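*Asks:* need a 3D model of the following:
(one chain, ligands or ions: 1)
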Amino acid sequence: MPLVPLRILLDHAAENDYAVVALNVNNMEQIQAIMEAAQETDSPVVVQASRGARKYSNDAYLRHLMLAAVELNPNLPIVMHLDHGNGPATCMSAIDQNFSSVMMDGSLLDDGKTPADYEYNVKVTKEVVDAAHAVGVSVEGELGALGGIEDGHGAGLSQEEAMTYLTDPDQAEQFVADTGVDALAVAIGTSHGAYKFSKKPTGDVLKMDLIEEIHRRLPNTHIVMHGSSSVPQELQDIINQYGGEIPQTYGVPVEQIQRGIKNGVRKVNVDTDNRLAMTGAIRKVFCDKLGEYDPRKYLGPAREAMKKVCVARMTAFGQAGHAGNIKIKTCKKMVDFYKK
Ligand SMILES: [Zn+2]
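*Replies:* Numbers count the residues shown, from 1 in each chain. Okay, here's the model as predicted:
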């Protein structure tokens, strides 16, 4: 089957009380790890690429790798999503490159760094919604700004500063009405990257109650959690055991994400955990086998380590077992859906 719009997966997830993990990629092994995990767990798939990833791997490589994933996994619904588009032009170029879903992040100006005002956010997001829906492509928007920085994207806000840019539930209601987005990314205290929290997060820094309030007001809007790697201790330990120096850090506990899933969270972005897993596996080979020089001998274990993380999240978020149950619509078919 061809790439499908994100909306199809999120509607099914909402009807069946689960969420899909959205996994960032920029090379072949990462795409293979995700597809193997999805096959093993019978999961629908959301692959996403940021601007940084598109630049690193080149759109043509990404497009053809995703075509290979579709060809080799005809039984799985697969979404290709743009992560943090910084302006309408970036979103439209992604659609030209076969992406079936885009994020227009108008919470920041097009430098991808400076927090924007509400009017700017609505203007650029609405522009993308109109253009994307006309060709059946789904759109994720963002309200409020996250801390941290990833692939050069992000306001670089400290955890403390990020707390002043939390999503306002009143404004969220207005934003969805003003833009017509399919999914809404919210700022609840999480940040991008490995260094999210200095201790296991409590409710005063990880505002899960905010998600409950937004879901109460917008029961039909699919909520997206960004910066939702759990940064497991064992993955930090492997890196440090084999010569790395990752300072002690804490992510978003899986049980908190599961609480979100009970309250309208339908897409959960995970990138750092896979990066940690791959890095740990590569470090281990480099330390254990000093004479090794075949890239397959360390990229293979890295792929396997990432697959394990993907299987764990697909299972924990409830998407496992659902790939075959989703009624597929192509982007072309979605044009009529959006006209209504
Ligand atoms: Zn993000």
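*Asks:* tell me the phi and psi of the closest residue to residue 13 other than its chain neighbours?
*Replies:* Distances taken as CB to CB, 6 or more residues apart in numbering place residue 266 nearest to residue 13, at 4.6 Å, with adjacent residues excluded. Where C-beta positions appear, they are placed from N, C-alpha and C, glycine not excepted. Torsion angles at residue 266 (phi, psi; degrees, to the nearest 10) stand at phi -120, psi -10.
*Asks:* over to the one 4 residues further on?
*Replies:* Backbone geometry at residue 270, expressed as degrees, to the nearest 10, gives phi -130, psi 120.
*Asks:* count the neighbours of residue 12 for me.
*Replies:* 20 (other CB atoms under 10 Å).
*Asks:* which element is it on?
*Replies:* In this assignment (DSSP states H and E), residue 12 forms part of helix 6-15.
*Asks:* just checking, what packs against that helix?
*Replies:* Helices and strands touching helix 6-15, by 3 or more CB pairs under 8 Å, 6 or more residues apart in numbering; DSSP states H and E, are strand 20-24, strand 78-85, strand 138-143, strand 183-186, strand 222-225, strand 265-270, helix 331-339.
*Asks:* ok, residue 79 - contacts?
*Replies:* When the contact criterion is CB atoms under 8 Å, 6 or more residues apart in numbering, the partners of residue 79 are 3-6, 9, 44-47, 100-101, 138.
*Asks:* can you pick the most crowded of those?
*Replies:* residue 101 leads the contacts of residue 79 on contacts (other CB under 10 Å) with 33 neighbours.
*Asks:* isn't that one up against residue 78?
*Replies:* No: the pair residue 101 / residue 78 is not scored as a contact, 10.7 Å apart, by CB atoms under 8 Å.
*Asks:* run the chain-centre distance for stretch 58-68.
*Replies:* Relative to its parent chain, stretch 58-68 has a centroid offset of 18 Å by CA atoms, centre = their mean, to the nearest Å.
*Asks:* in that stretch, what's buried?
*Replies:* Buried positions in stretch 58-68, judged by neighbour count with 16 or more other CB atoms under 10 Å: 59, 62-63, 65-66.
*Asks:* what's the answer for stretch 119-126, then?
*Replies:* Residues of stretch 119-126 classed as buried by neighbour count (16+ other CB under 10 Å): 121-122, 124-126.
*Asks:* just the endpoints, please. Distance across stretch 40-57?
*Replies:* 27 Å (CA to CA, to the nearest Å).
*Asks:* can you list the buried residues in it?
*Replies:* Here stretch 40-57 shows 41-54, 57 as buried, counting by 16+ other CB under 10 Å.
*Asks:* now swap in stretch 236-248 and tell me
*Replies:* Within stretch 236-248, judged by 16+ other CB under 10 Å, the buried ones are 236, 238-239, 242, 246.
*Asks:* same thing with stretch 175-183?
*Replies:* 175-176, 178-179, 181-183.
*Asks:* next: stretch 207-226.
*Replies:* 207-208, 210-211, 213-215, 218, 221-226.
*Asks:* quick one: distance of that stretch to the chain centre.
*Replies:* 16 Å.
*Asks:* per-residue confidence averaged over the helix holding residue 12?
*Replies:* For helix 6-15, the mean pLDDT works out to 98.
*Asks:* low-confidence stretches in the stretch 151-300 of the chain?
*Replies:* Residue ranges of the stretch 151-300 of the chain with pLDDT under 70: 151-153.
*Asks:* dump the buried residues of stretch 58-68 to a markdown table, plus pLDDT, distance to residue 24 and secondary structure.
*Replies:* Formatted as a markdown table, the buried residues of stretch 58-68 follow (pLDDT from 0 to 100; distance: CB to CB, whole Å; DSSP: H, G, I helix; E, B strand; the rest coil):
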| residue | pLDDT | distance to residue 24 | secondary structure |
| --- | --- | --- | --- |
| 59 | 97 | 15 | helix |
| 62 | 97 | 12 | helix |
| 63 | 96 | 16 | helix |
| 65 | 97 | 14 | helix |
| 66 | 97 | 13 | helix |
